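**Q** my questions are about this predicted structure, shown below with the sequence.
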Amino acid sequence: MKERTLSIIKPDCVAAGNSGKVIDILESNGFSIVAMKKIHMTKKQAEGFYIVHKERPFYDSLTTFMSEGPVVVMVLEKENAIKDYRELMGATNPKDAKDGTIRALFATDIERNAVHGSDSKESADFEIGYFFNALEMV
Ligand code: ADP
Ligand code: MG
């Protein structure tokens, strides 16, 4: 069954001029982009997006980072999109990310790790709805 997931090219990766390379990797790996926009989140918007992490020690730093500059937000579609995109992204800490994964290629450290991807159907539904409505998706 085709499935949808939310991808964010994070501020570090956009600022480094690598968003086009990430999009190329996504399309080369069979993901269709069904919605896409470039936005600059406020700290409050980043806090709302990462609300599940609000008790984590890195929440304040993470949401400051995610609001420091523009991001590219996309809805991706593919068979098994959620799991397959997590694999293509690589581990949260780029030191642990497999060769060829997006994080191995473009991440700096465990926080500035280039991309976001939904981790379950439930989070994908919440995250897609956080940024897009049905009229904005093909
Ligand atoms: P993932 O993005 O791989 O799903 P998490 O959901 O655990 O990882 O964390 C969300 C984001 O918070 C990470 O992508 C990363 O930017 C940041 N982060 C996670 N763990 C840490 C940490 N220990 N220190 C700093 N930032 C972190
Ligand atoms: Mg996560």
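**A** That came through fine. Ligands and ions are numbered 1, 2, ... in the order given.
**Q** the nearest residue to F58 once chain neighbours are set aside: what secondary structure?
**A** Computed as CB to CB, 6 or more residues apart in numbering, the closest residue to F58 that is not its neighbour in sequence is E111, at 6.6 Å. No exception for glycine: its C-beta is placed from N, CA and C like everyone else's. Three-state call for E111 (DSSP: H, G, I helix; E, B strand; the rest coil): coil.
**Q** E111 and ligand 1: what is the separation?
**A** Distance, E111 to ligand 1, using CB to the nearest ligand atom, to the nearest Å: 4 Å.
**Q** so who does that residue touch?
**A** If a contact means CB atoms under 8 Å, 6 or more residues apart in numbering, then E111 has 58, 61-62, 65 as its contacts.
**Q** counting neighbours, which of those comes out on top?
**A** Neighbour counts for those (other CB atoms under 10 Å) peak at L62, which has 19 neighbours.
**Q** was I right to think that residue contacts V52?
**A** No - at 11.4 Å, L62 does not count as touching V52 under the criterion of CB atoms under 8 Å.
**Q** output the set of residues of the protein in proximity to ligand 1.
**A** 53, 58, 62, 92, 110-111, 113, 116, 119 (CB under 6 Å from any ligand atom).
**Q** and these, which two are the farthest apart?
**A** Greatest spatial distance in the residues of the chain next to ligand 1: E111 and D119, 17.0 Å, computed using CB to CB.
**Q** where along the chain do the strands fall?
**A** Secondary structure of the chain, counting by DSSP state E: strands at 2-9, 32-39, 71-79, 115-117.
**Q** columns mean pLDDT on top of these, output as JSON lines?
**A** Below are the strands of the chain laid out as JSON lines (pLDDT from 0 to 100):
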{"stretch": "strand 2-9", "mean pLDDT": "98"}
{"stretch": "strand 32-39", "mean pLDDT": "98"}
{"stretch": "strand 71-79", "mean pLDDT": "98"}
{"stretch": "strand 115-117", "mean pLDDT": "99"}
